[in-house]
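Q: Give me the fold of what follows.
(one chain, ligands or ions: 1)
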Amino acid sequence: MPINKSKFWDEVLETQSREQLEENQLKDLQEIVQFAYDHAPYYKRSFDEAGVKPSDIKTLKDIEKFPFINKKTQRETQGVGSFLGELCAVPEDDVVFISTSSGSTGVPTISPFTAKDFDEFQETEARWFWQVGMRPNDRYVHALNFSLYVGGPDVIGAQRTGALCIWGGTLPSERLLWVLKTYKPTVIWTSPSYAWQLGEKALKSGIDPKKDLNIKKIIVAGELGGSIDATRKAIEDIWGAEVYDFYGLSDIFGACAAMCEYKDGLHIAENHILVETVDPQTGEVLPPGSKGEFVFTTLRKHARPLIRFRTGDIGWIDQTKCKCGRTHGRIHVLGRKDDMFIVSAVNVFPSDVEAGIRSINEVTGEYLIRIYEENFTCRFAVEIEKKAGITLSDDEVAAIVTKSLKARLGVKPAKVVVHPDGGLNTRSEHKSKRIIDERTTNVQ
Ligand SMILES: [Zn+2]
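A: Predicted coordinates:
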């Protein structure tokens, strides 16, 4: 393998002009829409019903004429015709890998890959690892679930950089700490809540991550924490390491977007994904930079092309050139459409509540949000932990939390419940459950 001295994994691709990038996107879009129409029964039917044809695509904007699909479309077409379903555009013989979603919002959906899809997936992962500075002299622990999860095989992309890779998977934390202590890896990928908890566990068992371990970079994904400055900083402080957020969709790749050294949003692989932002209620297309629901069209995945897939994720995209020199747009993810709630006509994202809580010195950062209705009105309560050693009363801590959240969100919680340090049962080794929605109607 020739030695890559560049800060870019693929300099031509990553720094090409917007014009060139969009020209390539258009070529790929025309090809994939035609391919989907010719080979996936669902697209043939839905395009015909909507009165659109692949040849209607003359510019990137022409995609807006095509119908949306969503998770429900995936579930309804899965298993129809073949087990891969009607969105699949290749025969099963051409499929070499499938992953499934976690099923956290219903029946798990399958994501199939051809050999070429899989190769390009790993090439994209290698690009992200390189982007955060992983090099052949690094040692990397892939502490992600390998069972059915699309993030598992990303370790193959990590190996492409030349780094030494350890296939950790979901090891119990004592065993993982042993790996970190014994093999002294420099890079690890896990979820943000687990990165934080593992750091705390290490400290409790007499290991100081800063002194006794050698982790320099932590990649996080799967939850929003890595894009929340205060959460990232809290993890960085425990580990004495840089934290980078990655964003993925099981329906596309393990990671579709990743932070660079400037950490101002996540560069998305625009050579693979055409990004639109739409009004989450009406579906109206919004100009780039507006806050809305991301709609992705995969440009190069042939096993199961996704044409105008509504992700359910809310955010915005910045397509100006980044200080790092990369031209692919940067997405800023605010949260899931389903997690957003409305209090006194203000849109509240749990990620904003988290950012508010993690910026308060008197609390540990663990929290629980309870959304409920009272007198036909939506309210929310926040439960937090007072840090050990804080001499303020619970009422005083609650007042600090209320004031801080009001300043950040524009609305205040109806209640703040103060627990002692360690009193909340929200610490988990997987995705933490921190939102409880007790509403029985759609009250807002
Ligand atoms: Zn950048």
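
Q: The strand or helix carrying K233 - what's its average pLDDT?
A: K233 is part of helix 229-239, with elements assigned from DSSP states H and E. Per-region confidence: helix 229-239 scores 92 on mean pLDDT.

Q: And for stretch 169-185?
A: So the average pLDDT for stretch 169-185 ends up being 96.

Q: how about the helix holding K233: buried residues?
A: Of the residues in helix 229-239, those with enough neighbours to count as buried (16 or more other Cβ atoms under 10 Å) are 231-232, 234-235, 238-239. The C-beta positions use only the backbone N, C-alpha and C, and glycine is treated the same way.

Q: Check stretch 396-405 too.
A: Neighbour-count burial for stretch 396-405 [16+ other Cβ under 10 Å]: 397-398, 400-402, 404-405.

Q: where's it relative to the chain centroid, distance-wise?
A: What separates the centre of stretch 396-405 from the centre of its chain is 30 Å, taken as Cα atoms, centre = their mean, to the nearest Å.

Q: swap in stretch 338-355?
A: With Cα atoms, centre = their mean, you get 18 Å for stretch 338-355.

Q: What is the helix holding K233 packed up against?
A: helix 192-204, helix 209-212, strand 217-220, strand 242-247, helix 350-358 (3 or more Cβ pairs under 8 Å, 6 or more residues apart in numbering; DSSP states H and E).

Q: so can I have JSON lines of the buried residues of helix 229-239 showing distance to the ion?
A: Compiled in JSON lines, the buried residues of helix 229-239 are given as follows (distance: Cβ to the ion, whole Å):
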{"residue": "T231", "distance to the ion": "20"}
{"residue": "R232", "distance to the ion": "16"}
{"residue": "A234", "distance to the ion": "23"}
{"residue": "I235", "distance to the ion": "20"}
{"residue": "I238", "distance to the ion": "25"}
{"residue": "W239", "distance to the ion": "23"}
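
Q: In TSV: those, plus distance to L334.
A: Conversion of these to TSV gives the following (distance: Cβ to Cβ, whole Å):
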residue	distance to L334
T231	14
R232	15
A234	19
I235	20
I238	25
W239	26
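
Q: which bits of this protein sit near the ion?
A: 260, 322, 324, 326 (Cβ under 5 Å from the ion).

Q: Three-state assignment for the nearest residue to K53 once chain neighbours are set aside, please.
A: Nearest non-adjacent residue to K53, counting by Cβ to Cβ, 6 or more residues apart in numbering: F47, 6.7 Å away. Under DSSP: H, G, I helix; E, B strand; the rest coil, the three-state class of F47 is helix.

Q: do the same with the one 5 residues further on
A: Secondary structure for V52, judged by three-state DSSP, is coil.

Q: can you tell me how far it sits from the ion?
A: Summarising the geometry, the distance separating V52 from the ion, computed by Cβ to the ion, to the nearest Å, is 35 Å.

Q: For that residue, give me the pLDDT.
A: The predicted structure lists V52 with a pLDDT of 98.

Q: Show me what residue of the stretch 51-200 of the chain gets nearest to the ion.
A: The stretch 51-200 of the chain approaches the ion most closely through Q131 (7.8 Å), counting by Cβ to the ion.

Q: and the gap between that residue and K7?
A: Relative to K7, Q131 is positioned 8 Å away (Cβ to Cβ, to the nearest Å).

Q: Give me the more crowded residue out of the two.
A: Q131 (21 against 15; other Cβ atoms under 10 Å).
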